[in-house]
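> Sharing a model that was predicted from the sequence below.
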Amino acid sequence: MISVRLTVNGRAVERDVPPRRSLAEFLREDLGLTGTHVGCEHGVCGACTVLVGGRSARSCLLFAAQLEDATVTTIEGLTPAAGLSALQSAFRDCHALQCGFCTPGMIVAAHELLAENPAPSREEIRAAIAGNLCMCTGYVSIVRAIEQAAAARRGGSLP
């Protein structure tokens, strides 16, 4: 076992973990944060996307023991205590989710994009979510939701 200390969703966490325990398993099984989904376990689908130090990372490809003193933010950490974030509301309003399996990873990737670029073009949105696979929506509604959230954050509306 290896002792690891990190901050998850603003909360200091210290646990002993097996050396090969993935961050995804650590979040889901040790911390009960089941919003991070595990899909392909090869880093391809993006369902397990979280923020590590504010940057998107595939939690299935990282070992929890690698993250000593890191700051990790999951979908739960992006969700306000009461209600939904503007981005989550936009996903709901634009019907940007169907089965919902990819949604946490999509929202995390979109959150990172909007933190860096408050007014992304459609091409920039598509590039930002290119590493997140969705088998249900066809992406049009996801792009629209991210556009809507960006506009709402800027205090405007879509044309």
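Arrived safely. Please read these numbers as outputs of a predicted model, since none were measured by experiment.
> What's the local residue count around the spatially closest residue to residue 134 that is not a sequence neighbour?
Spatially, and ignoring its direct neighbours in sequence, residue 134 is nearest to residue 102 (4.5 Å; CB to CB, 6 or more residues apart in numbering). From N, CA and C alone the C-beta is placed, and that goes for glycine too. Neighbours of residue 102 under the rule other CB atoms under 10 Å: 26.
> measure residue 102 to residue 78 for me?
Residue 102 is 15 Å from residue 78, where distance means CB to CB, to the nearest Å.
> give the contact list for the spatially most central residue of the chain.
Residue closest to the mean C-alpha point of the chain, counted by CA atoms, centre = their mean, is residue 108 at 2.5 Å. By CB atoms under 8 Å, 6 or more residues apart in numbering, the residues touching residue 108 are 49-51, 56, 73-75, 78.
> Assign it to helix, strand or coil.
Of the three states, residue 108 takes helix according to DSSP: H, G, I helix; E, B strand; the rest coil.
> do you know how far it is from residue 43?
Here residue 108 is placed at a distance of 14 Å from residue 43 (CB to CB).
> can you map out the helices along the chain?
Ranges of helices within the chain are 23-25, 86-93, 103-116, 122-128, 140-153, based on DSSP state H.
> Pick the most buried one from those.
For the helices of the chain, average neighbour numbers computed from mean count of other CB atoms under 10 Å are highest in helix 23-25, which has a mean of 25.
> so how far is that helix from its chain's centroid?
13 Å (CA atoms, centre = their mean, to the nearest Å).
> Output the below-cut-off pLDDT ranges for the protein.
156-159 (pLDDT under 70).
> can you map out the strands along it?
Secondary structure of the chain by DSSP state E: the strands cover 2-8, 11-17, 49-52, 55-58, 71-73.
> Make CSV out of the contacts of residue 108 and add distance to residue 37.
CSV is the format used below for these (distance: CB to CB, whole Å):
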residue, distance to residue 37
49, 9
50, 11
51, 15
56, 15
73, 15
74, 11
75, 9
78, 14
